[in-house]
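Novice: show me how the following folds:
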Amino acid sequence: MGEFVGIDPVGADKLIRQMEAGKDVLGRGRSGLEAAIAEAGEDWAGREGVTPMHRTWAFFHESQQDLKWRVDAIKRMVPTQQKGMLTSTFPFSSATEAMQAAKKDAAAITEALKHHDQYLSGQSWSQVEKALSGLKCRADDPAYAAALLAALGTETFTKLFRDWMNTQAKGDRRGLTPDALKRADESSPGLLARAFASAESSGKLGNEWQKMVETAPSDILTALVALAPQSGTFLNRVATNLLNRPPNSDAVPTDPNWNLYNLAKAYEANPEAFQRLLAEHQKEAGVLLDAYTIRTTGVPAYEEALANALHGALKPGSGLDDMRERAWLTVINSIGSENGLWVGGSLGTFSNSPISRMLAQDIKPILDKLARGQAQRNSPKMPYLKPSPPWDKLDPSVSARFMGALMQDSTAANTLMKAAKEYTKELDMGRFHPFDPSNYKQEAHINLAERTGALANLLLAGSTYAEWSDDEYADRIAGYVLMPVDYFDEHFPIASKIVSTGKAKGLDEVKDVLKDMITDYLDKKTPDTAEAVTGKLIDEQISWLDRSLREHGLPPMTTSQMSFMRDAMEGRLSSALLDALKRRGG
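Specialist: Next up is the predicted model:
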């Protein structure tokens, strides 16, 4: 029984297409040939008429079907990304033989299940397991799997899952635990899930199997997607259905929600499907990301699983650029929502959040999108600042709340600051002098400076939602305030390493001054208002720039230039800085 098969799926697919082209040629020529034969009558010079043409067409068709079955089967049997020849031992020599065996196995399973329903004993269930064991080494054959499921039907299929859970995982009432899933994988549910994946991913299941998603219990659906890698289309169909069910639709809503955990794990294994869910199903994705959902699942590992799934979908280079950016937008709008509980809610802070840390790790490529949105709000008439679609629809206040949500985790806050500094450095504002005689170069400098200042503005706005110690707060705020002037390392190039080191030391010194000013305000050691402190912080930046230029032998700024730079920095930072100080200092 069976045969050893070696096949190159890419080459086989090419041959299938070539045979289809041959069938098309034969099909177009057949009617003309038949008409010519009929017209010629006895004078027709040929011998067999169109019979050879029909045979050739049938040969191509049958060969296509057999070859496609072999390609589909070997892709399931040898899951690999490698190209070229794949080899495996097939359990059947043809699709017809596979389907016949499936019908026979389905009859045995149905009969064993009927016997179990009568006796409901451990022994009767063991007979069901014995009948299902026939799926081993066969479940990966799409023809066998499709015929088996068609013979069983959706009701029997879901009943097999439910009866296994009732006998092997009685306590798991809102999805299977990892231990139960491991047992299921080594038993009949694992085989059934593999058979379903084989048939569904090959497009061989009828509509009733798609409708099963609407009626099957949540724990059966999440077991199905957790036990075997299902197609992304089916996984997203399961997710959108489950996430639209009423929150308390489970019989025991107070139990740990392993259904959500298993769904997140399935997405961890299929990042492209998760990316598409995030991009195209914002409402359902919002349920997964909801702060209340995360805190009330009763499964601490859920947040870690969701963080890993997000990393797979959002990390630089994952999937298609357009789809990944739309996925990011959903995440930002969900977490930064004004009505959400990630920040300023009754759930407390997400201070040790793997989600925050993962998002901060992957956010760098979209910082420019966020900065442009804030820059346009700061300077609506400034040319070339507007973010491209779909980022032009993102509300900067949502971006700020999103930043604030991540900043509640200290590690994520540090990662964000590092990414922001790298972004500032890559903008390389030193390419254009702010006081260059060329209007174009002045405009180019202002464009880059606006974006840098806008990002600092977002970080400042986000800091109002972060719950740090006063020392952490002062240190980070000082760092954000200095972001727009860090670029002077590039703008005023210094050849001497000694002088350059001195400049870096000068930056540290001015940061200490800024930090002391903020700390004194927070500790009520100064009578200054938040407005006065904000003004002094910006004045200190300008004074440091002027001192730095003088110390390094470069031409100092004129009075008008200093006034221009102060107005620019005040415009980019003042409102967010003032709000941050007021919220923190009371």
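Novice: which strands or helices does the helix or strand where Ala146 lies pack on?
Specialist: Under the criterion of DSSP states H and E, Ala146 resides in helix 142-168. For helix 142-168, the packing partners by 3 or more C-beta pairs under 8 Å, 6 or more residues apart in numbering; DSSP states H and E come out as helix 51-77, helix 95-119, helix 122-132, helix 178-185, helix 188-201, helix 207-215, helix 218-227. C-beta: built from backbone N, CA, C; applies to glycine.
Novice: separation between Arg451 and Thr215?
Specialist: Distance, Arg451 to Thr215, using C-beta to C-beta, to the nearest Å: 52 Å.
Novice: and for Leu181?
Specialist: From Leu181 over to Thr215 the distance is 22 Å, taken as C-beta to C-beta.
Novice: give me the more crowded residue out of these two.
Specialist: The neighbour comparison of Leu181 against Thr215 (other C-beta atoms under 10 Å) goes to Leu181, with 23 against 11.
Novice: leaving out sequence neighbours, find the closest residue to the more buried one.
Specialist: Ala226 (5.8 Å; C-beta to C-beta, 6 or more residues apart in numbering).
Novice: how many residues are close by the one you found?
Specialist: Neighbour count of Ala226, defined by other C-beta under 10 Å: 26.
Novice: wait, it touches Ala266, no?
Specialist: Yes: under the criterion of C-beta atoms under 8 Å, Ala226 makes contact with Ala266 at 5.5 Å.
Novice: show me what whichever strand or helix holds Ala327 is packed against.
Specialist: Using DSSP H and E, Ala327 sits within helix 321-335. Here helix 321-335 touches helix 271-280, helix 282-289, helix 301-314, helix 396-407, going by 3+ C-beta pairs under 8 Å, 6+ apart.
Novice: pull out the buried positions in the longest one.
Specialist: In this case it means helix 301-314. 302-314 (16 or more other C-beta atoms under 10 Å).
Novice: can you add distance to Thr154 and mean pLDDT and give the helices and strands packed on helix 142-168 back as a markdown table?
Specialist: Formatted as a markdown table, the helices and strands packed on helix 142-168 follow (distance: least, C-beta to C-beta, whole Å; pLDDT from 0 to 100):
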| stretch | distance to Thr154 | mean pLDDT |
| --- | --- | --- |
| helix 51-77 | 22 | 67 |
| helix 95-119 | 13 | 91 |
| helix 122-132 | 17 | 92 |
| helix 178-185 | 19 | 95 |
| helix 188-201 | 11 | 93 |
| helix 207-215 | 5 | 91 |
| helix 218-227 | 11 | 95 |
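Novice: please report the distance of the nearest residue to Phe350 once chain neighbours are set aside from Tyr465.
Specialist: Of all residues not flanking Phe350 in the chain, Gln408 sits nearest, at 5.0 Å (C-beta to C-beta, 6+ apart). Distance of Gln408 to Tyr465, computed by C-beta to C-beta: 7 Å.
Novice: joint contacts of those two?
Specialist: Val343 (C-beta atoms under 8 Å, 6 or more residues apart in numbering).
Novice: next one: the closest residue to Thr56 other than its chain neighbours from Glu34, what distance?
Specialist: Of all residues not flanking Thr56 in the chain, Leu26 sits nearest, at 6.1 Å (C-beta to C-beta, 6+ apart). Noted for Leu26: a distance of 12 Å to Glu34, by C-beta to C-beta.
Novice: check Gly317 too.
Specialist: Distance from Gly317 to Glu34, by C-beta to C-beta: 56 Å.
Novice: comparing those two, which residue is more hemmed in?
Specialist: Set Gly317 next to Glu34 and count neighbours by other C-beta under 10 Å: Glu34 wins out with 13 against 7.
Novice: which element, helix or strand, includes the more buried one?
Specialist: Glu34 belongs to helix 9-40, assigned by DSSP H and E.
Novice: packing partners for that helix?
Specialist: Packing partners of helix 9-40 (3+ C-beta pairs under 8 Å, 6+ apart): helix 51-77.
Novice: backbone phi and psi for the residue lying closest to Ala291 once chain neighbours are set aside, please?
Specialist: Spatially, and ignoring its direct neighbours in sequence, Ala291 is nearest to Leu341 (3.9 Å; C-beta to C-beta, 6+ apart). The phi and psi values for Leu341, taken as degrees, to the nearest 10, are phi -110, psi 10.
Novice: ok, His281 next?
Specialist: According to degrees, to the nearest 10, the main-chain angles of His281 amount to phi -130, psi 70.
Novice: what's the nearest residue to it if we skip its chain neighbours?
Specialist: The shortest distance from His281 to any non-neighbouring residue, by C-beta to C-beta, 6+ apart, is to Thr240 (5.5 Å).
Novice: circling back to that earlier point, contacting residues for the residue nearest to Leu181?
Specialist: With the criterion set at C-beta under 8 Å, 6+ apart, Ala226 makes contact with 176, 181, 262-263, 265-266.
Novice: burial count for the closest residue to Leu278 other than its chain neighbours?
Specialist: Excluding its sequence neighbours, the residue lying closest to Leu278 (C-beta to C-beta, 6+ apart) is Ala327, at 3.6 Å. Residues lying near Ala327 (other C-beta under 10 Å) number 26.
Novice: just checking, Ala327 touches Ala273?
Specialist: No: the pair Ala327 / Ala273 is not scored as a contact, 11.2 Å apart, by C-beta under 8 Å.
Novice: residues near Asp395, how many?
Specialist: Counted with other C-beta under 10 Å, residues neighbouring Asp395 total 15.
Novice: look up how far Phe402 lies from it.
Specialist: Distance from Asp395 to Phe402, by C-beta to C-beta: 10 Å.
Novice: before we move on, back to that, per-residue pLDDT of the residue nearest to Leu278, please?
Specialist: At Ala327, the model reports a pLDDT of 97.
Novice: residues contacting it?
Specialist: 274-276, 278-279, 313-314.
Novice: what about 7 Å?
Specialist: By C-beta atoms under 7 Å, 6 or more residues apart in numbering, the contact set of Ala327 is 275, 278-279, 313-314.
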